[in-house]
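Asker: whatever this is, show me its structure:
(chains A and B)
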Protein chains: 2
Amino acid sequence: MKLNETSLTPLYQQLMEDIKYSIENGKYNYDDKIPTEPELSADYGVSRITVRRAVDELCNEGYLIKKQGKGTFVCKPKLLRKIERSNEVLSFSKACRQNGMKPGARVLDYQISFARLDEQNFFHVDEKTKILYIKRVLTADDTPIMLENNFYVFEKFKFLQDETLENTSLFEVLEKHGLHACKSVKSTLEIVKAESHHARDLDVVIGEPLFYMNVYFGDEADNPVFIGRQYMVGSRYKFNNI
Amino acid sequence: MKLNETSLTPLYQQLMEDIKYSIENGKYNYDDKIPTEPELSADYGVSRITVRRAVDELCNEGYLIKKQGKGTFVCKPKLLRKIERSNEVLSFSKACRQNGMKPGARVLDYQISFARLDEQNFFHVDEKTKILYIKRVLTADDTPIMLENNFYVFEKFKFLQDETLENTSLFEVLEKHGLHACKSVKSTLEIVKAESHHARDLDVVIGEPLFYMNVYFGDEADNPVFIGRQYMVGSRYKFNNI
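Answerer: Sure thing, here's the model as predicted:
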């Protein structure tokens, strides 16, 4: 495999792309040892400085990890998940299983308060209406991936008090009660930096970038079901609409 | 307007939500001066410490800006853009105009090289096929928002050499030549940190979080059109699928 010396893309970036591509297409699998720097240097016909730079950047980006005295290995893949689309909502548990990872969930907080402005508007209720708030951290193979902050109209969802929400798919619980949160009626997605409470719950450092997704879930007929304000760890999450 | 003292959500966070909501729903508009801290404190019935914390966080998040001796003002809104969906691709220029902002584009780089592995696969070409690479920075009201890295099969797209790509909608140029890049055949979206070259081109500091979107654009019949590897400034960009 030769890199393209006439391209203005630096050789180390071409090498990075090639190694990433080999990982994404299964030439190198999770936990595989990749060839040594001298081997890569010979295979690609580039200097060891170029190889080292490419490998270092791939370590920074979370694709590779160097193990002292053992070599360089392929990291656990980022969780791939479908982008929430208006006609299809994929549950976290399903997304995990599709990635061959074990889904987990822990309840962190549980509150009842009165409906705030955007909740009143979405649920078509007044400010005296009670809202049930449940916060969970969702894990894949025991690594925290997502902080789930869900808001429900208490009267309609008080059955959730009697349900186990630990290590459970919320979508499956709702289905059992005949509630199909199958559509994202509207949603936004942006990047925020982890504040101290996110950092603690998600096991990241303060300031780490997170996806922040605000989703208004509806059923087939666009009736409001619940509101989600979710935070996903940027280094552990990737949207995918293949 | 009273905040909910019985809620376990800290008062400053409730106040933040309320101010954000007022901005998003046009009660406060871009460049409006918001009430002073004593006024907010009286309006919401909370301490000035709570008000200051909420206002400081909103300044950090880019919603508000303090102007020395003048007060606190509403910032320019983040560019709202539809999520790329398999059945609808919205051009950057259109997204800008929908936000009432002036789109701009500057060509930064222009290269021809040989097809790499993923390009060979997507375009169904061999490694001897020439690929045209064009890099532009896209701006909204002259602020850099997105680095556009597009890859085309040179033979089919050499007409781009004769087109003005400065301050032009690429989608409109392609349409003129009968090419409809109307579908994202597959795509991924993740968060990366700005390297020095991104930082320079996008006018951000090194390490700033960016959206990285890799999109394979196709026409109505899913025939390959081009590949995009785009970087958007996290603090200036928000996906929206309302």
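Asker: what's the nearest residue to residue A:226 if we skip its chain neighbours?
Answerer: Nearest residue to residue A:226 in three dimensions, chain neighbours excluded: residue A:152, at 4.8 Å (C-beta to C-beta, 6 or more residues apart in numbering or on different chains). (C-beta placed from N, C-alpha, C; glycine too.)
Asker: who does that neighbour form a beta bridge with?
Answerer: residue A:132 (DSSP bridges).
Asker: now swap in residue A:109 and tell me
Answerer: Beta bridges link residue A:109 to residue A:135, judged by DSSP bridges.
Asker: roughly how far apart are it and residue A:230?
Answerer: Per C-beta to C-beta, to the nearest Å, residue A:109 is found 14 Å from residue A:230.
Asker: who's more crowded, those two?
Answerer: Set residue A:109 next to residue A:230 and count neighbours by other C-beta atoms under 10 Å in any protein chain shown: residue A:230 wins out with 20 against 12.
Asker: for the helix or strand hosting residue A:212, which helices and strands make contact with it?
Answerer: According to DSSP states H and E, residue A:212 maps onto strand A:209-218. Strand A:209-218 is packed against strand A:183-193, strand A:224-233, strand B:183-193, with contacts defined by 3 or more C-beta pairs under 8 Å, 6 or more residues apart in numbering or on different chains; DSSP states H and E.
Asker: which residue ranges of chain A form strands?
Answerer: A:64-67, A:71-74, A:79-82, A:103-114, A:130-140, A:143-153, A:183-193, A:209-218, A:224-233, A:237-240 (DSSP state E).
Asker: redo those as a markdown table? Include mean pLDDT.
Answerer: Below are the strands of chain A laid out as a markdown table (pLDDT from 0 to 100):
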| stretch | mean pLDDT |
| --- | --- |
| strand A:64-67 | 90 |
| strand A:71-74 | 94 |
| strand A:79-82 | 76 |
| strand A:103-114 | 93 |
| strand A:130-140 | 95 |
| strand A:143-153 | 96 |
| strand A:183-193 | 88 |
| strand A:209-218 | 94 |
| strand A:224-233 | 95 |
| strand A:237-240 | 88 |
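Asker: how about TSV for those, with distance to residue B:103 added?
Answerer: Below are the strands of chain A laid out as TSV (distance: least, C-beta to C-beta, whole Å):
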stretch	distance to residue B:103
strand A:64-67	38
strand A:71-74	41
strand A:79-82	29
strand A:103-114	41
strand A:130-140	38
strand A:143-153	34
strand A:183-193	20
strand A:209-218	25
strand A:224-233	29
strand A:237-240	25
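Asker: domains of chain A?
Answerer: The record's domain parsing of chain A by automatic domain parsing lists A:11-74, A:79-240.
Asker: what about residue A:221, how many neighbours?
Answerer: Residue A:221 - counted by other C-beta under 10 Å - has 7 other residues nearby.
Asker: which phi and psi does it have?
Answerer: phi -90, psi 20 (degrees, to the nearest 10).
Asker: how near is the closest residue to residue A:153 other than its chain neighbours to chain B?
Answerer: Distances taken as C-beta to C-beta, 6+ apart place residue A:123 nearest to residue A:153, at 5.3 Å, with adjacent residues excluded. Counting by C-beta to the nearest C-beta, to the nearest Å, the gap from residue A:123 to chain B is 15 Å.
Asker: what about the residue nearest to residue A:158 when sequence neighbours are not counted, how many neighbours?
Answerer: In space, and not counting its chain neighbours, residue A:158 is closest to residue A:132: 7.1 Å by C-beta to C-beta, 6+ apart. Neighbour count for residue A:132, taken as other C-beta under 10 Å: 20.
Asker: for residue A:132, give me its contacts.
Answerer: A:110-112, A:151-154, A:157-158, A:160 (C-beta atoms under 8 Å, 6 or more residues apart in numbering or on different chains).
Asker: widest-spaced pair of those?
Answerer: A:110 and A:153 (15.4 Å; C-beta to C-beta).
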